[in-house]
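Q: this one's sequence-less:
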């Protein structure tokens, strides 16, 4: 009994504690990893979606700033001599205000030159006694007109095809929303895209004010819709790949497109409800989803999902 108490029990305890410690070390630093074995016969199939009926609302909201219209040069329309200059550099003038007077050569008479619109005069290039001719730049006028300029991601430009001429403007901290006119899309040589519209003259605004431009680009209900990722093409028409469901190669088919909200697009011709099509066009790389899991306390491993 003394031997058991003095030697056997302590040895058993040492063995048990050692086994537990070894198990804990293995769990912490050498976790089991299930190796995924892909059989040579396994194949990856392209995801298929059904053509369904639904609604597409193409509404775009853009952020921008109020800006004053650029100055432009005003050129003389008379041949003669300047008799008097009635405004100075930097003067704010009203539409129709007298700017300077010219004594015309033929027929000889004195003519007042008037401001074409309200604005600020700059770079005044005439003085009393100066000879002026048709086409000579006489001054520059910065009109008292404003516009909203909003930036747009170039990937949204297709949605702006056949855009309306009006948009709704909401100025941050300003008056109630109002309509702006003359909506136009501008794309620079560097690829920067923007949308511009004119602020009505009866609206009091200031250059630099932040504002939001809302564009109602179209809406359809109970229409045939498919993901935009399934279409190869541009605005108005494209191609999709129809799956027969029998393992054969998909059929390339032309379709006519309608309203596009950037995620779903209306199909007006070429497909029927219930048709099965590839979710992604050939060669399209779907967004790769990353998922992470803890392999040991404080240690995380991330793997990427599959792209088609």
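A: Arrived safely. This structure is a prediction, so every number in the text was calculated from the model and none was measured.

Q: Can you give me every residue that contacts residue 239?
A: By Cβ atoms under 8 Å, 6 or more residues apart in numbering, the contact set of residue 239 is 231-233, 252-255, 281. (Glycine included, C-beta is placed from N, CA and C.)

Q: now it, nearest residue through space, not along the chain?
A: residue 232 (4.8 Å; Cβ to Cβ, 6 or more residues apart in numbering).

Q: quick one, phi/psi of that neighbour?
A: Per-residue torsions, residue 232: phi -110, psi 120 (degrees, to the nearest 10).

Q: same thing with the one 4 residues further on?
A: Note on residue 236: its backbone torsions stand at phi 90, psi -30 [degrees, to the nearest 10].

Q: Domains in the chain, by residue range?
A: Domain ranges of the chain: 1-32, 59-68+147-219, 72-143, per automatic domain parsing.

Q: Return the subset of the contacts of residue 239 lying in strands.
A: Counting by DSSP state E, the contacts of residue 239 place 232-233, 252-255 in strands.

Q: ok, now which ones touch residue 159?
A: 58, 60, 217, 260-262.

Q: hmm, try it at 6 Å
A: Contacts here follow Cβ atoms under 6 Å, 6 or more residues apart in numbering; on that basis residue 159 touches 58, 217, 260.

Q: Kindly report the same for residue 98.
A: By Cβ under 6 Å, 6+ apart, the neighbours of residue 98 are 86, 112, 114.

Q: so how far is residue 50 from the residue nearest to residue 239?
A: Distance, residue 232 to residue 50, using Cβ to Cβ, to the nearest Å: 19 Å.

Q: Also residue 115?
A: As defined by Cβ to Cβ, residue 115 lies at a distance of 64 Å from residue 50.

Q: Remind me which helix or strand residue 134 belongs to.
A: Under the criterion DSSP states H and E, no helix or strand holds residue 134.

Q: quick one: the residue nearest the centre of the chain from residue 128, how far?
A: Closest to where the C-alpha atoms of the chain average out (Cα atoms, centre = their mean) is residue 153, at 2.6 Å. Note on residue 153: its distance to residue 128, by Cβ to Cβ, is 54 Å.

Q: and if you look at residue 67?
A: Residue 67 sits 35 Å away from residue 128, taking Cβ to Cβ as the criterion.

Q: what about the strands in the stretch 151-300 of the chain?
A: For the stretch 151-300 of the chain, the strands defined by DSSP state E, counting those that start in this stretch occupy 166-171, 178-187, 193-198, 210-227, 232-233, 237-242, 251-260, 264-269, 276-278, 290-296, 299-304.

Q: residues touching residue 58, list them.
A: Shown in contact with residue 58 (Cβ under 6 Å, 6+ apart): 159, 217-218, 259, 261.

Q: Output those residues as a markdown table; include the columns pLDDT and distance to residue 124.
A: Converted to a markdown table, those look like this (pLDDT from 0 to 100; distance: Cβ to Cβ, whole Å):
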| residue | pLDDT | distance to residue 124 |
| --- | --- | --- |
| 159 | 80 | 45 |
| 217 | 87 | 45 |
| 218 | 87 | 48 |
| 259 | 89 | 52 |
| 261 | 87 | 51 |
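
Q: which among those residues end up buried?
A: Buried members of these, scored by 16 or more other Cβ atoms under 10 Å, are 159, 217-218, 259, 261.

Q: and which of the residues you listed is nearest to residue 200?
A: Nearest to residue 200 among those: residue 217, at 21.3 Å, using Cβ to Cβ.
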